[in-house]
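Asker: Need a 3D model of the following:
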Amino acid sequence: MPKSSPKHNLAINLSGVTTYQSGVVQSAAFRKLNRFTASFLKPYDLTTMEWFLLGTVYDAGPEGISLTRLKDKLATTMPFITTSVKTLLSKGALVKSQHSGDARTKIVVISPSYRKICLEIEEYLRVKMRELFYDHITPQELRTYVNVLYKISGL
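Answerer: Predicted coordinates for the structure are as follows:
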């Protein structure tokens, strides 16, 4: 096993990177991204997971999304979804209703007044992330990283 950490450049030899080294750097990157995102969301009084939830509901469109489907898309638990939805309902970001065909199924949508705020948050986060990343990461590197994330999450 190599005893030194790999250099932080694109020319690293992946055969010299141990599984634990890649795990450590992946965890560190996740924590940094989460910390940056959380700090950028503070003006909107949202956590990163609340933003992910809002974005997923926003993507569902005006017909909304069931809580079960939301749980599955976010790969989390129903208690977490229930608590987060209650918080976002109290903030006026979501509206909850019953499914027209099944009264047991709860549907959430972005409240009409919050749709514009979602667009504003997305634009703000994109600007802040560009400022953060593009001094250190090229747009192509970021595109590759995001593509790899999609591939790994789909396994």
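Asker: For the most centrally placed residue in the chain, give me the pLDDT.
Answerer: For the chain, the residue nearest the mean C-alpha position is Phe52 (4.3 Å; Cα atoms, centre = their mean). Looking at Phe52, its pLDDT stands at 96.
Asker: The one 5 residues further on now?
Answerer: As predicted, Val57 sits at a pLDDT of 97.
Asker: dump the residue contacts of the residue lying closest to Thr76 once chain neighbours are set aside.
Answerer: Of all residues not flanking Thr76 in the chain, Met49 sits nearest, at 7.9 Å (Cβ to Cβ, 6 or more residues apart in numbering). Backbone N, C-alpha and C define where each C-beta goes, glycine included. Taking Cβ atoms under 8 Å, 6 or more residues apart in numbering as the contact definition, Met49 lies against 74, 76, 80, 84.
Asker: of these, closest to Tyr124?
Answerer: Nearest to Tyr124 out of the contacts of Met49 is Ser84 (Cβ to Cβ; 20.9 Å).
Asker: Show the model's pLDDT score for the closest one.
Answerer: If you check Ser84, the pLDDT there is 97.
Asker: Does it touch Glu50 like I think?
Answerer: Yes: applying Cβ atoms under 8 Å as the test, Ser84 and Glu50 come out as touching, 6.0 Å apart.
Asker: any residues in contact with both of these two?
Answerer: Common contacts of Ser84 and Glu50, defined by Cβ under 8 Å, 6+ apart, are absent altogether.
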